[in-house]
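Participant: Just need the structure, nothing else, for what follows:
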Amino acid sequence: MRNQHNLTIKNLTEADSAEYSLTIQKHGRTRKLSHFPGVTLVVTGVRVQLHPAVVTEGQTVRLTCSTSCPLTDTAYIWYFNSRPLNLPHSQNKHLLLDPVSSQHAGRYYCSVRSSKTSLSSSEETLTVRSLTGKWEAAAAAGVSAALLALILVMVFLWIS
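Facilitator: Below you'll find the predicted structure:
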């Protein structure tokens, strides 16, 4: 097809953000086409959002993989501690962990892939607090209260 000009950028990164215009070089002369103003390309990074970033075992956490520019025909791949997650229906921008256990604590990132490019986010850390620590503290407080009550009863009986 005549007069069709395409620019393909492989392995697109944020550094490729720029204004692109078409110029014609013929016989050593360069000419910018005034009727073609150019196009501005804004390439944004991918990021992971954890909501919340610190949870207690048994709670729910939602991870979202997002870009600030729309991408079409995309697949989302989630990674946990640098390994891809093999999830049957997770190839979307949200990853739901419900209920969370201590095994879910670690580093998460996502990759967005389309037919033309692949972009990855930086890692975000999910912190999971243990329920056993809470129960140990509660048990210690309960034992302390029971001992105090027992001492008070013994003192009362000794006095009377």
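
Participant: what's near enough to touch Glu123?
Facilitator: Applying CB atoms under 8 Å, 6 or more residues apart in numbering, we find Glu123 in contact with Val48, Arg107, Tyr108, Tyr109. The C-beta positions use only the backbone N, C-alpha and C, and glycine is treated the same way.

Participant: Pretty sure the last one sits against Ser120.
Facilitator: Yes. Using CB atoms under 8 Å as the test, Tyr109 is close enough to Ser120 to be in contact (6.2 Å).

Participant: Those two - which one has more neighbours?
Facilitator: Remark: of Tyr109 and Ser120, Tyr109 carries more neighbours, 20 against 16, as counted by other CB atoms under 10 Å.

Participant: is that one in a bridge, and if so with what?
Facilitator: Tyr79 (DSSP bridges).

Participant: Against the centre of the chain, work out the most remote residue.
Facilitator: Centroid-distance maximum for the chain: Ser160 at 66.7 Å, with CA atoms, centre = their mean.

Participant: which element is the residue minimising distance to the centre of the chain on?
Facilitator: Closest to where the C-alpha atoms of the chain average out (CA atoms, centre = their mean) is Val48, at 2.0 Å. Using DSSP states H and E, Val48 maps to strand 46-51.
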